[in-house]
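Enquirer: Generate a structure from the sequence data that follows.
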Amino acid sequence: MRNANLRGNPSRGYSSGRHHGNSFFSENKTWLVIVALIAAVFMFLKLFGGSSGGTTKSENFLSVTPTDSKSVVYLVDANGERKQISGSGSLYANKGSLVVESGGATATLNATRLDIAANSEISYKVKTSDSGTSTDAIKVSKGMVWADSSSNNLLFELTNLSAKVPSSAVAMLEQTNTVFSSVYSLRGDVQIVTNVGQYSLSAGKKISLSSGEAGNASTNLSEKANDFDSSVSSMELFVRNDGETLLKASQTTDSKTKTEETTSTGATTGTGANAEKTGKYIAFTQPTDGATIKTATTNIMGTLLSTDVSRVTLNDQDAEVSPVNETFSMENFSLTNGINNIVYKAYSANGIELERGVLVVHGANTGTANTIVPENFPSLKDFVITSPSSNPYATTDSYVKVQGTVPANTVSYITVNGYRLQRFVANSTHWYYHANASIGTIKEGTNLYHIKFYDSNNREIHTQIFTIIKDTPNANNNSDSPLFPSN
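Expert: Okay, here's the model as predicted:
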């Protein structure tokens, strides 16, 4: 029956076979089209989408992880869309921001680690200079960030200042709404940059600036830097990262480093009250301002804070300047016992004086051949320049009367720059000297006065250096004053 029916209805069997055949080819054609489209998309991405091996600046990112399961952390894109991070996420450079509403978050960049406190917002940028140099920059819009810069030189941008945290340094950065920007240095020196100047913030120091202070040319950044107060020890990030231990270790290391420098190069000795001399264009790293040095010479070193500086002089002697390393130095700078006023000047490439100042160093070289301190000799502190009261002394006057005191029954005569004071009475206690433009004892610019004291045996018993910086001419030269002092 089945065969007869098949033979009796051939058209039915043929029709059925053709239908199934077309369905097969049609379905396969559809799959081929799909496969071809997938391949085309893959090739397009391969050719135009970039590869993982060629990282570009837009692909730089911070790896972000909430501190714990209770932390509420969001990635916010450029359109303001928020995406909460549960496990980990990536904050790409120049794209959006990171918001920590509660708890905290850790962000890493290579070996550098950021600990971000609750109620904070940051963004990440890669800045490229005209020369092609890239800088990783973190903008702190609000809140507080702990930065352990183990391998990167990071730039932090706050509302009122920027902070350069060098490799191996540790700092806390705080933006209080839009009012105050604060930086706490816990290890290493953090460079503070404002519209009106720069300052090197050492470990254990804090600086806080309002918008008004940051833009005021009269703001003295060194006066705004203070030691940590007791409130720091209770700060969330300070506690979470064991800041107390880190700070103690940093201060111990700094003290040890200063001791080693003293032994090898004649650098700073003392209790740590001295500070690096920092201006807008250059900063001294060795010796520190007010340091006591026990050798006859010392090596002077510093950093260039601006690319505008091409020449540095120390007491009108040219220091060695390295624009590539951003440093300047002078080896075997001669010192005298007592106060040494080292007048520094920074110049631009076309010879314009950008900055000047004075680095004060106290010489305490007991082995100086020409200086013999007799037995029962009074303290060197009794040799005092009483007027002008500041040393160095800046003035526009063409006449300055320099006065001082010495211990009684000690000094037989005094010389100033080799000239013997004619009217000083031997063994008396007071002396004075007239720096007068009319006779050439004071000139425009920096004037150094080497004041030497001798005993009755013609032995030099002490030397002082006084500096007068005369800025502009004054027509009223006090020419009626006596040319040389009398007692």
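Enquirer: Please identify the buried residues of stretch 413-425?
Expert: Residues 413, 414, 415, 416, 421, 424 are the ones in stretch 413-425 that count as buried (16 or more other CB atoms under 10 Å). From N, CA and C alone the C-beta is placed, and that goes for glycine too.
Enquirer: hmm, I was thinking of stretch 140-158
Expert: 140-149, 152, 154-158.
Enquirer: what's the lowest-pLDDT member of those?
Expert: Here the lowest pLDDT out of the buried residues of stretch 140-158 sits on residue 152, with 68.
Enquirer: Can you tell me which of the buried residues of stretch 140-158 end up in strands?
Expert: The members of the buried residues of stretch 140-158 that map onto strands under DSSP state E are 140-149, 154-157.
Enquirer: Tell me the helix or strand right after the strand or helix carrying residue 385.
Expert: Using DSSP states H and E, residue 385 sits in strand 384-387. For strand 384-387, the succeeding helix or strand toward the C-terminus, using DSSP H and E, is strand 393-395.
Enquirer: Pairing partners for that following strand, with directions?
Expert: The pairing partners recorded for strand 393-395 under DSSP bridges are strand 460-470 (parallel).
Enquirer: could I have the partner strand exported to PDB, CA atoms only?
Expert: Taking C-alpha atoms only, strand 460-470 is exported to PDB below (Å, rounded to 0.1, in the frame of the first residue of the first chain):
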ATOM      1  CA  GLU A 460      92.900  86.900  64.700                       C
ATOM      2  CA  ILE A 461      90.500  85.800  67.300                       C
ATOM      3  CA  HIS A 462      87.200  86.100  65.500                       C
ATOM      4  CA  THR A 463      85.600  87.000  62.200                       C
ATOM      5  CA  GLN A 464      82.100  88.200  61.300                       C
ATOM      6  CA  ILE A 465      80.500  88.800  57.900                       C
ATOM      7  CA  PHE A 466      77.900  91.500  57.500                       C
ATOM      8  CA  THR A 467      75.900  91.900  54.300                       C
ATOM      9  CA  ILE A 468      74.200  95.000  52.900                       C
ATOM     10  CA  ILE A 469      72.100  94.700  49.800                       C
ATOM     11  CA  LYS A 470      71.700  98.100  48.200                       C
END
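Enquirer: ok now it, how far from the chain's centre?
Expert: 32 Å (CA atoms, centre = their mean, to the nearest Å).
Enquirer: So which bits of that strand are buried?
Expert: Result for strand 460-470 [16+ other CB under 10 Å]: buried residues 460, 461, 462, 463, 464, 465, 466, 467, 468, 469, 470.
Enquirer: Which of these sits closest to residue 105?
Expert: Closest approach to residue 105 among those (CB to CB): residue 469, at 52.0 Å.
Enquirer: contacts for stretch 101-119?
Expert: Here stretch 101-119 makes contact (CB atoms under 8 Å, 6 or more residues apart in numbering) with 60, 62-68, 70-74, 85, 91, 98, 100, 122, 124, 136, 138, 142-152, 154, 236-237, 240-241.
Enquirer: Report the buried residues of it.
Expert: 103-107, 109, 112-118.
Enquirer: ditto for stretch 316-329
Expert: 319, 321, 327, 328, 329.
Enquirer: so the last one bridges to which residues?
Expert: When bridges are taken as DSSP bridges, the partners of residue 329 come out as residue 301, residue 320.
Enquirer: Under the pLDDT cut-off, which ranges of the stretch 251-400 of the chain? List them.
Expert: 251-277, 365-380 (pLDDT under 70).
Enquirer: rerun at 50
Expert: The model of the stretch 251-400 of the chain has pLDDT under 50 over residues 255-275, 366-373.
Enquirer: Identify each of the strands in it and give its residue range.
Expert: 282-286, 291-293, 297-304, 311-314, 317-318, 320-322, 327-334, 338-347, 353-363, 384-387, 393-395, 399-405 (DSSP state E, counting those that start in this stretch).
Enquirer: Save those strands as a markdown table, and put in distance to residue 446 too.
Expert: Shown next, in a markdown table, are the strands of the stretch 251-400 of the chain (distance: least, CB to CB, whole Å):
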| stretch | distance to residue 446 |
| --- | --- |
| strand 282-286 | 16 |
| strand 291-293 | 20 |
| strand 297-304 | 16 |
| strand 311-314 | 10 |
| strand 317-318 | 12 |
| strand 320-322 | 19 |
| strand 327-334 | 16 |
| strand 338-347 | 4 |
| strand 353-363 | 8 |
| strand 384-387 | 17 |
| strand 393-395 | 10 |
| strand 399-405 | 13 |
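Enquirer: Having no further points to raise, I will conclude here.
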